[in-house]
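Novice: below: sequence and its predicted model.
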Amino acid sequence: MSAKVTPEQTDESIGKVRMGVFLSGWIDPSVPKPSTYIANLFDRIPAARAAGMSSVWVGQHLLGHPWPVMDTSVYLGRLAAEIGDMEMGGVYLLPLAHPIRLAESLVTLDNISGGKFIVAPALGWRPAEFEAMGVPINERAARFSESLKIMKMLWYSDEPVSYEGRFYKLDKVQMVAKPERPGGIPIWIGASSVPAVQRAARFGDSWLGSSHSPFVTLQELSGAYSAELTVQGKLPKRRPLLRHCMVADTDKQAEERFTEAFTAYYKALGNWGIFKEVIGEQHASGDGELPPGRAIVGSPKTAIAQLKRYMELGFNEFIFQVGLPGTPEPYVRESMEMMGKEVLPYLQGAKVDLKV
């Protein structure tokens, strides 16, 4: 069976290493005005571009606590004015959205960005979000599949769509707005379990590896994903992975700059249930401890060594969250600059074996 690539892919681009920046919509409550913190986020985009990063990403959570979280679509709409020739991407909790409403929002983001938008639909994992939205969490996989099917029909059908499923019924519904991007909006399915990565191989253009998944988990998931790609006869050009990151002159300096904010972040997510629901409680780390295999932290040499391990699993695009709330802005900028000057050039000279 021959491998399938999407219309915008070229043989020359397969295996090219890319970097992007994840600008978390979490707002640091210690900053007197949210607008001040948000302005700093936008100011990171020129620095990311100068570092050779080619995309800007945001995530989605509802009812954030203790940090408020910006609305994903509104945030991306504002980012579209800043990205220039960069791509932008958003992680969406697909089971919590109505597919018609979300399909219109996403095609709008594609249009206002000039066809440079990527969507990463995910199942979601936080019980409180499902409870607040009145969606049973045990329905999330079925809702995900049905919503994704409906959105694709709306985007790519030139005729009115009729559909009757378990959760939604459409009677001659037509969406006139269409994606501007050749081949349509890329769908990178966020997944952190074997069934989910198999779903990504079947229904997505790629799998977006979670920043929460430890390296040992990614080993298992990469194998399952590659095996299903073989069954489907697919060869994704881009294999993206989210990672937290801090690069500095020395390993010790990077760890000192990173650990406090990271610990506070995962303490909040731990209260939400992330270790029970996603990561596994055996991977919980104590205060002041660096989690094994969940972040890129160290000198440029150390960062390269860490990233090469992920490249051996087939990943060739890294989206870095370099500034959690509480991280001083100079550390964020210095980390991005070092990634661009010392890490990315090395990685782009390395061969990447896409395991399929």
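Specialist: Happy to help now that I have it.

Novice: all contacts plus neighbour counts: C-alpha atoms, from now on.
Specialist: Will do.

Novice: count of neighbours near the closest residue to G209 other than its chain neighbours?
Specialist: Among residues not flanking G209 along the chain, L241 sits closest, at 4.4 Å (C-alpha to C-alpha, 6 or more residues apart in numbering). The local packing count at L241 equals 24, with neighbours defined by other C-alpha atoms under 10 Å.

Novice: same check on P182?
Specialist: Counted with other C-alpha under 10 Å, the neighbours of P182 add up to 11.

Novice: how much space between it and D110?
Specialist: 11 Å (C-alpha to C-alpha, to the nearest Å).

Novice: just S147 next, same as before
Specialist: Counting by C-alpha to C-alpha - S147 and D110 are separated by 18 Å.

Novice: distance from the helix or strand hosting the residue nearest to G209 to the middle of the chain?
Specialist: Element membership of L241, judged by DSSP states H and E, is strand 240-247. Relative to the chain's own centre, strand 240-247 is displaced by 10 Å; criterion: C-alpha atoms, centre = their mean, to the nearest Å.

Novice: any stretches of this protein with poor pLDDT?
Specialist: Scanning the chain with the threshold set as pLDDT under 70 gives 1-15, 270, 272-291, 350-356.

Novice: ranges for the strands of it?
Specialist: 18-22, 55-58, 87-93, 117-122, 161-164, 169-173, 188-191, 206-209, 240-247, 295-298, 317-321 (DSSP state E).

Novice: any idea how far A141 lies from L102?
Specialist: For A141, the distance to L102 (C-alpha to C-alpha) stands at 17 Å.

Novice: about what we covered before: my read: the residue nearest to G209 touches E317, true?
Specialist: Yes: between L241 and E317 there is a contact under C-alpha atoms under 8 Å: 6.2 Å.

Novice: which residue sits closest to R202 in space, ignoring its chain neighbours?
Specialist: Once flanking residues are discounted, R202 sits nearest to Q232: 6.6 Å by C-alpha to C-alpha, 6+ apart.

Novice: could I get the CA-only coordinates of the longest helix seen in the chain as CSV?
Specialist: For the chain, the longest helix by residue count, based on DSSP state H, is helix 251-272. Once non-C-alpha atoms are left out, helix 251-272 reads as follows in CSV (Å, rounded to 0.1, in the frame of the first residue of the first chain):
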residue,chain,number,x,y,z
ASP,A,251,21.6,22.8,33.3
LYS,A,252,21.5,24.2,36.8
GLN,A,253,20.4,27.6,35.7
ALA,A,254,17.7,26.2,33.5
GLU,A,255,16.4,24.1,36.3
GLU,A,256,16.4,27.0,38.7
ARG,A,257,14.4,29.1,36.3
PHE,A,258,11.9,26.4,35.4
THR,A,259,11.1,24.3,38.5
GLU,A,260,9.1,26.7,40.7
ALA,A,261,6.6,27.8,38.0
PHE,A,262,6.3,24.2,36.7
THR,A,263,5.6,22.8,40.2
ALA,A,264,2.9,25.4,40.8
TYR,A,265,1.3,24.6,37.4
TYR,A,266,1.1,20.9,38.0
LYS,A,267,-0.1,21.4,41.6
ALA,A,268,-3.1,23.2,40.1
LEU,A,269,-3.6,20.6,37.4
GLY,A,270,-3.2,17.9,40.0
ASN,A,271,-6.1,19.4,41.9
TRP,A,272,-8.1,19.1,38.7
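
Novice: before we move on, back to that, partner residues bridging the residue nearest to G209?
Specialist: Listed by DSSP bridges, the beta-bridge partners for L241 are G209, F318.
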